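>>> Got a predicted structure plus its sequence, pasted below:
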Amino acid sequence: MRPLSPVEPPSPSPGVPRRSACIGLALSIGCGAPVGSYIPPGYHPDTVYRVFFVGDSITADYEESPIAPDLSYPSLLVAADRTTRGDVYWEGSSERNLYAHFPEIERSYNLAMPGAVAADLDAQVGDFLAQIDHIEGRVPNGAPPSDPADRLGETLVLVTIGGNDSQDLLSMAGGANMTTGHGRRLGARIGADLKRMQSQLEESFPEGVWLYAANVYEPTGRGNRGGPCMPAGAAIFTDELARGTNKALREAAEESRFAMLDSHGLFMDHGYGATDPAANPADAEAREPAHWFADCIHPNARGQHALREMFLDAVLGPLESGGR
């Protein structure tokens with residue numbers, strides 16, 4: 001996502017945070033957020049051949065990222081090296097990755113781009129799919145694509161999108177606060193783009209596509225106490241806008257049967273409304289820091305760990321507890 005007004009990012013310190021109870025709660029009641037997560041019944045893969053990471057800069061691997069690449073949630077989920085720094089930061093999490101549960105994974109691709117909006121998903125995925133048969137070795141370079149039936153294995157897709165769409169809406173608001181109606185219209189548009197991407201992927205991978213998207217979060221926290229992120233007089237990401245956007249996103253997921261995870265609820269009490277690093281520098285050194293943002297929009301190392309846990313819990317579902 002594109003940054004808002006920058007602040008001095010906290011320097012994460014190695015620690016041993018407890019696993020937040022909010023992560024588990026977010027899958028059912030949204031940690032105080034009114035929308036919560038939606039996962040279709042039984043929507044958990046038994047096997048995974050390839051993984052796609054799609055969306056904006058929360059997911060993207062790029063040079064200007066505010067955190068080290070090996071601490072991003074995609075790296076924590078698919079790192080081949082089990083001794084990455086992410087495991088040093090979060091003791092006990094060395095098996096909290098996709099390979100530990102799906103050792104058959106052969107491929108992972110990060111297609112996400114900084115600044116992406118939902119309308120970019122079609123090209124982001126489509127341009128890659130046009131090359132995938134060559135990339136995965138089914139056809140030589142320059143040859144026509146293979147029959148989709150030849151693309152073996154189930155495909156897992158993890159997405160963060162919508163934050164830049166929200167920022168664009170706010171930038172056009174001229175200081176006016178947004179309502180639930182604004183949010184519902186925005187969420188319906190983002191949801192339609194997600195549904196188009198889902199159809200595109202399902203046509204390309206007939207053996208199965210499992211799509212898990214995060215809804216739209218923001219840095220101000222409960223009550224929109226935005227600290228340095230929302231200057232006086234600016235349009236703010238109100239509770240009404242968040243509720244409307246994420247309710248429409250959930251409805252899109254229910255209609256098309258994919259998972260919509262409540263990152264908004266997950267981060268609700270960990271933004272600048274909870275603690276401002278400038279006013280509470282000791283928080284960055286805490287074993288369980290309250291603040292999960294590296295700047296006014298991107299997660300710090302603790303926030304990326306929370307996203308790793310959120311996605312992994314949703315994908316595994318009852319598998320981890322032996323329920324299927």
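Perfect, thanks for sending it. Everything numeric in this text was worked out from a predicted model, so none of it was measured.
>>> Quick check: phi and psi on the residue nearest the centre of the chain?
Nearest to the mean C-alpha position of the chain, by Cα atoms, centre = their mean, lies Thr160 at 3.6 Å. Thr160 adopts backbone torsions of phi -120, psi 120, taken as degrees, to the nearest 10.
>>> partner residues bridging it?
Gly55, Ala214 (DSSP bridges).
>>> how close does it sit to Asn280?
Distance, Thr160 to Asn280, using Cβ to Cβ, to the nearest Å: 27 Å. (Glycine included, C-beta is placed from N, CA and C.)
>>> which other residues reach stretch 145-154?
45-50, 104, 106, 130, 132-133, 136, 138-139, 203-210 (Cβ atoms under 8 Å, 6 or more residues apart in numbering).
>>> Keeping just the C-alphas, turn stretch 259-272 into CSV.
Presented in CSV, the C-alpha positions along stretch 259-272 are these (Å, rounded to 0.1, in the frame of the first residue of the first chain):
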residue,chain,number,x,y,z
ALA,A,259,-12.4,-16.8,2.4
MET,A,260,-12.3,-13.2,3.6
LEU,A,261,-10.2,-12.7,6.8
ASP,A,262,-10.7,-9.9,9.2
SER,A,263,-7.3,-8.1,9.3
HIS,A,264,-9.1,-4.9,10.3
GLY,A,265,-10.3,-6.5,13.5
LEU,A,266,-6.9,-8.2,14.0
PHE,A,267,-5.0,-4.9,13.9
MET,A,268,-7.7,-2.8,15.6
ASP,A,269,-5.9,-2.4,18.9
HIS,A,270,-2.4,-2.3,17.5
GLY,A,271,-2.3,1.0,15.6
TYR,A,272,-1.5,4.5,16.6
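>>> so the residue nearest to the centre of the chain sits right up against Ser263, yeah?
Yes - the pair Thr160 and Ser263 qualifies as a contact (Cβ atoms under 8 Å) at a distance of 7.4 Å.
>>> Name the residues contacting each of those two.
Joint contacts of Thr160 and Ser263 (Cβ under 8 Å, 6+ apart) are Ala214, Leu307.
>>> if I look at the residue of the chain most remote from its centre, how far off is Pro299?
Note on the chain: the largest C-alpha distance from the chain mean falls to Ala143, namely 34.5 Å (Cα atoms, centre = their mean). Separation of Ala143 from Pro299 (Cβ to Cβ) stands at 41 Å.
>>> before we move on, what about Tyr99?
Taking Cβ to Cβ, one finds Tyr99 at 22 Å from Pro299.
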